[in-house]
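Participant: everything below, folded, please.
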Amino acid sequence: MHDWRSTKLTEDYLEGVRGGIPLAETQIEVIIRILRSWIPDMKTFLDIGCGDGVLGRQLLVGWPEARGIFMDFSEPMISSAKEKCEPYRDRSTIILQDYGEPNWMECIKDRIPVDVVVSGYSIHHQEDEKKYRIYRDIFSILKPGGVFLNLEHVASPGPKIEKLFDETFVDGLYEYHVRSGGKGSRQDIADKFYNREDKVLNKCTLVEKQVDWLRDIGYENSDCFFKLFELALFGGQKP
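Facilitator: Presented below is the predicted three-dimensional model:
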């Protein structure tokens, strides 16, 4: 089943893919640096498409007074988020909800606006029209001065850059595979990467186009803050 509601697909990603994302720690460090500068007294945040809550948990650690909402439409992901957020259960709310639906904000209407919205490798599964609407929805639930940061899989401008991304990602997956005690060859990892079942779910868009959307919606200080081929961190701030 090509769907993030699939337990197998979720486990394959959390256990076999995410740890191989190139420069993953650097990406989170950039997120923390931006938030420390722009909204150092953050009290509330929303992590949409949260997966197991990896981004939001970093915010709970970095801002001990903050409270977070973790949202995902995948039951296996939400189950993992609940387990991993258990040490922060008094400061975290876990919600099963598809933010791709038009009325997704209804379930948090008593918890908004928020200071920060983050998302990690999730929104690229939406068509462009929905992406734009989601960015507009996020703008509406941010407090003045609030920040939206999207760590995302974006489109390559052409096949040469796409090939660079693919090779870099396979290298990262293979290194993670070896660190984890795996015995497969790099070719084995490459074959699995190029034939992965979730590939059909990707609807990637150029990062420049998405930053333009944010500016059009009304975000200030909108930019791409980190980029490695098809991995990008971009966002902006509500005036």
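
Participant: tell me which other helices or strands the lengthiest helix in the chain touches.
Facilitator: Assignment by DSSP state H gives helix 159-179 as the longest helix of the chain. Helix 159-179 sits against helix 186-194, with contacts defined as 3 or more C-beta pairs under 8 Å, 6 or more residues apart in numbering; DSSP states H and E. (C-beta placed from N, C-alpha, C; glycine too.)

Participant: same thing but at 10 Å, please
Facilitator: Under the contact criterion of 3 or more C-beta pairs under 10 Å, 6 or more residues apart in numbering; DSSP states H and E, helix 159-179 touches helix 186-194, strand 220-228, strand 231-237.

Participant: quick check: mean pLDDT of the last one?
Facilitator: When pLDDT is averaged along strand 231-237, the result is 98.

Participant: if we can go back for a sec, and the helices and strands packed on helix 159-179, which is most packed in?
Facilitator: A comparison of the helices and strands packed on helix 159-179 by mean neighbour count, using mean count of other C-beta atoms under 10 Å, puts strand 231-237 on top with a mean of 23.

Participant: doesn't Val116 belong to a strand?
Facilitator: Yes: secondary structure of Val116 (DSSP: H, G, I helix; E, B strand; the rest coil): part of a strand.

Participant: quick one, phi psi at the closest residue to Gly56 other than its chain neighbours?
Facilitator: Spatial nearest neighbour of Gly56, chain neighbours left out: Asp47 (3.5 Å); criterion: C-beta to C-beta, 6 or more residues apart in numbering. The phi/psi pair for Asp47 (degrees, to the nearest 10) reads phi -110, psi 110.

Participant: likewise for Thr44?
Facilitator: phi -140, psi 140.

Participant: distance check, Ile189 against Tyr176.
Facilitator: 9 Å (C-beta to C-beta, to the nearest Å).

Participant: part of a strand, is Asp52?
Facilitator: No: counting by three-state DSSP, Asp52 falls outside a strand, being coil.

Participant: wouldn't it be in contact with Glu86 here?
Facilitator: No: counting by C-beta atoms under 10 Å, Asp52 stays clear of Glu86, with 11.7 Å between them.

Participant: so which of those two has more stuff around it?
Facilitator: Asp52 (23 against 9; other C-beta atoms under 10 Å).

Participant: I'd like the distance between that one and Trp104.
Facilitator: Relative to Trp104, and taking C-beta to C-beta, Asp52 is found at 20 Å.

Participant: repeat for Met77
Facilitator: 16 Å.

Participant: and those two? Which one has more around it.
Facilitator: Met77 (25 against 17).

Participant: which pLDDT value belongs to the more buried one?
Facilitator: 88.

Participant: leaving out chain neighbours, which residue sits closest to it?
Facilitator: The shortest distance from Met77 to any non-neighbouring residue, by C-beta to C-beta, 6+ apart, is to Gly51 (5.0 Å).

Participant: thank you kindly, that will do.
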